[in-house]
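*Asks:* Predicted model, plus sequence, below.
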Amino acid sequence: MEAGMIYELRRPKNLVPGKKYPALFVMHGIGSNEHNMFSLVDGLEEYFYIFSVRGHLTQGSGFAYFTIQGYGKPHREVFDEGIDKLANFIDFASENYSIDSNQIYLLGFSQGAIVSMTMSLILGNKIKGVVALSGYIPQFVKKEYNINPGNHLSVFVSHGEYDQVLPYEWGNENVDYYTKLGIPVTYKSYPEGHTVSENNLQDFQTWILNDLQR
């Protein structure tokens, strides 16, 4: 099975032969790349295989996982293709690295948060946890996708109160949607714009390490 996507990998320190480790798949924002996300997960490689995955579409000087036709409205066919590629990449990584299939996490910022939340809703028990930083769930995902979040998913959602790119209210909508599905959600807001503050970073890293013990 081919990877199908370009990625950068950080392995756990002091790997023990034959031992399986949790995996964290990291998705960047539009126009960014796989290298720019590692500052958010610095230190977590002690516990995880970390796969930072580049979007397959060129976007300016960077990359993207999908294109948009309007405010909060991805192009459906392009979005579907991006989700398929990312889901297949998770399967590739699971087959080719010593990953504990019961401890797979997704982390994304902005567009990366959008695809992370979408995959958490359709991949069943493959996904244990999601960190969604400043994103939204497209309406067609909620209405037309086969929603199957499994039975052990938990979610960390954060959003800037002064987000000038994706409205703060969209963060609240994410929480409401997961809550109605019976999925436990930790929600944090910060007096920031469309960015990840130091407090936000500390909060989600603490959350994900605590969730590993669940």
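*Replies:* Looks like it arrived, so ask away.

*Asks:* Would you map the strands across the chain?
*Replies:* With strands called from DSSP state E, the chain shows them at 7-10, 21-27, 49-53, 57-59, 62-64, 68-70, 73-74, 99-109, 129-133, 154-160, 185-190.

*Asks:* Could you point out which of those strands sits nearest residue 166?
*Replies:* Of all these, it is strand 154-160 that lies closest to residue 166, at 7.7 Å by CB to CB. The C-beta positions use only the backbone N, C-alpha and C, and glycine is treated the same way.

*Asks:* residues in contact with that closest one?
*Replies:* By CB atoms under 8 Å, 6 or more residues apart in numbering, the residues outside strand 154-160 that reach it are 117, 120, 128-134, 166, 168, 170-172, 174-175, 178, 183-197, 200, 203-204, 207-208, 211, 214.

*Asks:* CA atoms only: put that strand into CSV for me.
*Replies:* Output of strand 154-160 as CSV, limited to C-alpha atoms (Å, rounded to 0.1, in the frame of the first residue of the first chain):
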residue,chain,number,x,y,z
SER,A,154,-13.3,12.2,22.8
VAL,A,155,-12.6,15.7,21.5
PHE,A,156,-10.7,18.9,22.4
VAL,A,157,-12.1,21.9,20.6
SER,A,158,-10.6,25.4,20.9
HIS,A,159,-11.4,28.7,19.2
GLY,A,160,-10.2,32.3,19.4
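
*Asks:* Now for residue 146: which residues touch it?
*Replies:* Contacts of residue 146 (CB under 8 Å, 6+ apart): residue 122.

*Asks:* Filter the contacts of strand 154-160 down to the buried ones.
*Replies:* Buried members of the contacts of strand 154-160, scored by 16 or more other CB atoms under 10 Å, are 117, 120, 128-134, 166, 171, 174-175, 178, 183, 185-187, 190, 192, 194, 196, 200, 203-204, 207-208, 211.

*Asks:* got a pLDDT number for the residue lying closest to residue 192 once chain neighbours are set aside?
*Replies:* Once flanking residues are discounted, residue 192 sits nearest to residue 160: 3.9 Å by CB to CB, 6 or more residues apart in numbering. Listed pLDDT for residue 160 reads 96.
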